[in-house]
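Asks: here's a sequence, model it:
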Amino acid sequence: MLIESRPALDPELAALVTAQQRELAEAGARTGMRIFEPHDDVAYLVGAVNGRAVACGAWQAVAPGVAELKRMYVRPAFRGRGLARQMIVAIEEEALAAGRSVIRLETGTHLPAAIALYQSSGYRQIPPFGEYAGNPQSLCFEKRLSALVQ
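Replies: Numbers count the residues shown, from 1 in each chain. You can find the predicted model right below:
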């Protein structure tokens, strides 16, 4: 998979996020809280297989040394190939290069595959942070990246 940075208003990124939103709504997510609003302060990545955009992810600086992983999505037909894990690694590398040695993320309790992916990628559960605090449908995770630097 070729992973590259994309601008917030990239049409292929928008198509992936729209598909993500549809899937979250079907899974019972709080869709009103998950509307996609592109931001210039978020680094968006898109993964392509044979020239087709099939995966996306993003990260945003949220505090000194801390980034939040956002917008992880792989089209269903391309799941089970390790593409999400490749996207996570690319996001972690970019965030670490930008001085963010801690990555946090939020996912829903109704997304067991996402939870398993993050845990198997080295993320440990933490108390809900920021806008997710107090939301019983939110699970938050964190990974410290500084140990990855050799």
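
Asks: and residue 150, what pLDDT?
Replies: On pLDDT, residue 150 comes in at 43.

Asks: swap that for residue 33, please
Replies: pLDDT at residue 33 comes out at 48.

Asks: what's the weakest-modelled helix or strand in this protein?
Replies: helix 11-26 (a mean of 92; mean pLDDT, DSSP states H and E).

Asks: and that helix, what's buried?
Replies: Using 16 or more other CB atoms under 10 Å as the test for burial, helix 11-26 gives 13, 16-17, 20-21, 24. Heads up, the C-betas are built off the backbone N, CA and C, glycines and all.

Asks: same thing with stretch 85-92?
Replies: Those would be 86-88, 90-92, for stretch 85-92 by 16+ other CB under 10 Å.

Asks: rebuild the buried residues of helix 11-26 as JSON lines, extending it with distance to residue 56.
Replies: As requested, the buried residues of helix 11-26 are exported to JSON lines (distance: CB to CB, whole Å):
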{"residue": "13", "distance to residue 56": "6"}
{"residue": "16", "distance to residue 56": "4"}
{"residue": "17", "distance to residue 56": "7"}
{"residue": "20", "distance to residue 56": "8"}
{"residue": "21", "distance to residue 56": "12"}
{"residue": "24", "distance to residue 56": "14"}
